[in-house]
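Novice: Got a predicted model here, sequence first, then my questions.
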Amino acid sequence: MSAEYSDFLRQYLTVAIFAVVGIGLGATLLGIGRIFRPVRPQEQKYLVYESGVDPVGTGWSQSQIRYYIYALLFVMFDVEAVFIFPWATRLEEYGTFGLIEMLIFVAILALGLLYAWRKKVLRWV
């Protein structure tokens, strides 16, 4: 019992040692960078900057809902790819039941795409 317990603790000790070394290395490198980096404060460094355009107006603006819908559609079809790829690699093992199940899954996603298309969500305006 004590030999098994010792092996168990030894494995956690190895993980703990690697964690401490990793955190220590990261902290050391950040400290070295802080010591040797040049410090030249300039007013232009503290301006808000995005996409190469100087800021104009307030920082608050409304986004159109269609961008969120595009993001949701992307996630929907990305999830589809995540589920289809493993299914396709093991197709022979799943057989007819797996094929029918995947066809139902793809049909449900196709209905979602058809719904978005009918609502004219996919038009870029």
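Specialist: All right, it came through fine.
Novice: going forward, measure contacts and count neighbours with C-alpha atoms only.
Specialist: Will do.
Novice: averaged over its residues, what pLDDT does stretch 27-44 have?
Specialist: Stretch 27-44 shows a mean pLDDT of 91.
Novice: Figure out the length between the terminal residues of it.
Specialist: 29 Å (C-alpha to C-alpha, to the nearest Å).
Novice: contact partners of the helix or strand bottoming out on mean pLDDT in the chain?
Specialist: Least confident helix or strand, the chain: helix 65-89 with a mean of 82, by mean pLDDT, DSSP states H and E. With C-alpha atoms under 8 Å, 6 or more residues apart in numbering as the test, helix 65-89 has contacts from G98, M102, V106, L109, L113, V121, L122.
Novice: Just give me the closest of those residues to L91.
Specialist: G98 (7.4 Å; C-alpha to C-alpha).
Novice: is it true that the closest one touches R90?
Specialist: No: counting by C-alpha atoms under 8 Å, G98 sits too far from R90 to count as a contact (9.5 Å).
Novice: chain center to the strand or helix carrying F18, what's the gap?
Specialist: Using DSSP states H and E, F18 sits within helix 2-36. Relative to its chain's centre, helix 2-36 lies at 27 Å (C-alpha atoms, centre = their mean, to the nearest Å).
Novice: The residue nearest to the spatial centre of the chain and L109: what is the separation?
Specialist: For the chain, the residue sitting closest to the mean C-alpha position, by C-alpha atoms, centre = their mean, is V75 at 10.6 Å. Applying C-alpha to C-alpha, the value for V75 to L109 is 12 Å.
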